[in-house]
Each structure stands twice: as structure tokens, then as C-alpha cells.
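Peer 1: Can you look at this prediction? I've put the sequence above it.
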Amino acid sequence: MSNRILWSIVGILAILGGVFALANPFAASLAATAIAGWMFLIMGVLQIFAAFRLPGAGAKIWTILLGLLALYLGITILGHPLRGMIALTTMVAILFLAGGISKIILAFSMEDRQFFWVMILAGIASLALGIIIFANWPLSAATSLGILLGIELLSNGVTALILAFSRDSEEAAA
């Protein structure tokens, strides 16, 4: 199977997943929450196992504590998916707000003013997303993660299709 076919399959599946996520944002939000819970569980277990390979008691203790925290988060999110969804949505909104503020500060501190307005607009967009999520609270907690997942899947799908039909794909196969 050529790279072009593989990238096309990945792109089409990602676009279909994005459409499904946007059509069913609550289900997609639950799926994203479950994935996050499982990732915390897996990270916690791996971190605890990795801790026993570290030299020094201090590093072992901190790594085990962080692993136990990840395990706790995973179990809590999977045990209470709606609460987990609310917590994850809150964190995403806070990250949007912090990222927006950081981008705006960075724009004003850049010496090269060529991309000043692009950076300001990116910061304003991030701030707006955070404000929109908090302005529609708690309803936004039920759908925000699913909408963001859908947009990301659509973006990844389009990117994969672009890679499939670009010259770079042909050159990589040669």
C-alpha cells in the first residue's frame, strides 16, 4: 500500500470522526473524558514502575507520588465521567485564557514586529475561547471537549489528505 493511500485512509477516517464528534458533541466529550482517564491510569502505572529504576530515594519518592496522583486522577475520572468532563473542560478553559494572555504579552515583547498582529489575533482568539466556555458554564462543559475534538479531527483529516495528494508524498514514495 502506498503512502498516498495510507494518508488518504487516515484523512478520511479523521474527517468522519470529526463530523461524528461535531454531530454528537456530548458523546465525543464523554469519549475524550474516558480517553483522558485511561491515559492518566496508564501514565500512573508506568511512572510507578519507572520509579523503581531511578537512583536515589528522593527521585523514587517523588516519581511514585506523581504516579499515584495520576492513578488517582484516572480512577476518579473514569469513576465519575461527568465530574471528570467538568474538570477537564475547566482546565481547557483556563489553558485557553492563560495561553491568550501569554500570546498577547509575547506580541508586545517581540522585537520583530512583522507578525505582531498575527500574534495579537491568536491571543485574542484563545482568550475568546476561554471566555466563551466560562460564559456558557455549565452547559459548555457537556459539549466543549467534543466540539474541540471534532475540530481537531477535521483539521488532522484535511492535513492528512493534503499530505496524500502533495508532491511530498510522491517524493517520499520514490
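Peer 2: Yes, it's here. Residues are numbered from 1 along each chain as shown.
Peer 1: Mind telling me what element the closest residue to L153 other than its chain neighbours is part of?
Peer 2: Among residues not flanking L153 along the chain, G18 sits closest, at 3.3 Å (Cβ to Cβ, 6 or more residues apart in numbering). Any C-beta I mention is one placed from the backbone N, CA and C, and that applies to glycine too. Element membership for G18 (DSSP states H and E) is helix 3-23.
Peer 1: just checking, what packs against that helix?
Peer 2: helix 25-51, helix 139-165, helix 167-173 (3 or more Cβ pairs under 8 Å, 6 or more residues apart in numbering; DSSP states H and E).
Peer 1: Flag every buried residue along stretch 146-165.
Peer 2: Buried positions in stretch 146-165, judged by neighbour count with 16 or more other Cβ atoms under 10 Å: 146-150, 153-154, 156-157, 160-161, 163-164.
Peer 1: distance between it and the chain's centre?
Peer 2: 13 Å (Cα atoms, centre = their mean, to the nearest Å).
Peer 1: Stretch 131-145 too?
Peer 2: Remark: stretch 131-145 is offset 16 Å from the chain centroid, using Cα atoms, centre = their mean.
Peer 1: Over to stretch 13-23?
Peer 2: 16 Å.
Peer 1: neighbouring contacts of it?
Peer 2: With contact meaning Cβ atoms under 8 Å, 6 or more residues apart in numbering, stretch 13-23 is reached by 28, 31, 146-147, 149-158, 160-161.
Peer 1: Could you pull up the mean pLDDT of that stretch?
Peer 2: The average pLDDT within stretch 13-23 is 89.
Peer 1: What residues of it count as buried?
Peer 2: A14, I15, G17, G18, F20, A21, L22.
Peer 1: Show me the shaky parts of this protein.
Peer 2: In the predicted model, the chain carries pLDDT under 70 at residues 1, 167-174.
Peer 1: If we use 80, what do you get?
Peer 2: Scanning the chain for pLDDT under 80 picks out 1-3, 59, 110-115, 118, 137-141, 156, 159, 162-163, 166-174.
Peer 1: Spatially central residue in it, please.
Peer 2: L149 (7.6 Å; Cα atoms, centre = their mean).
Peer 1: ok, now which ones touch that one?
Peer 2: L149 neighbours (Cβ under 8 Å, 6+ apart): G18, A21, A28, S29, A31, A32.
Peer 1: OK, contacts around the fifth one?
Peer 2: The contact partners of A31, taken as Cβ under 8 Å, 6+ apart, are A21, G146, L149.
Peer 1: and if we set it to 10 Å?
Peer 2: Shown in contact with A31 (Cβ atoms under 10 Å, 6 or more residues apart in numbering): G17, F20, A21, N24, P81, L145, G146, L149.
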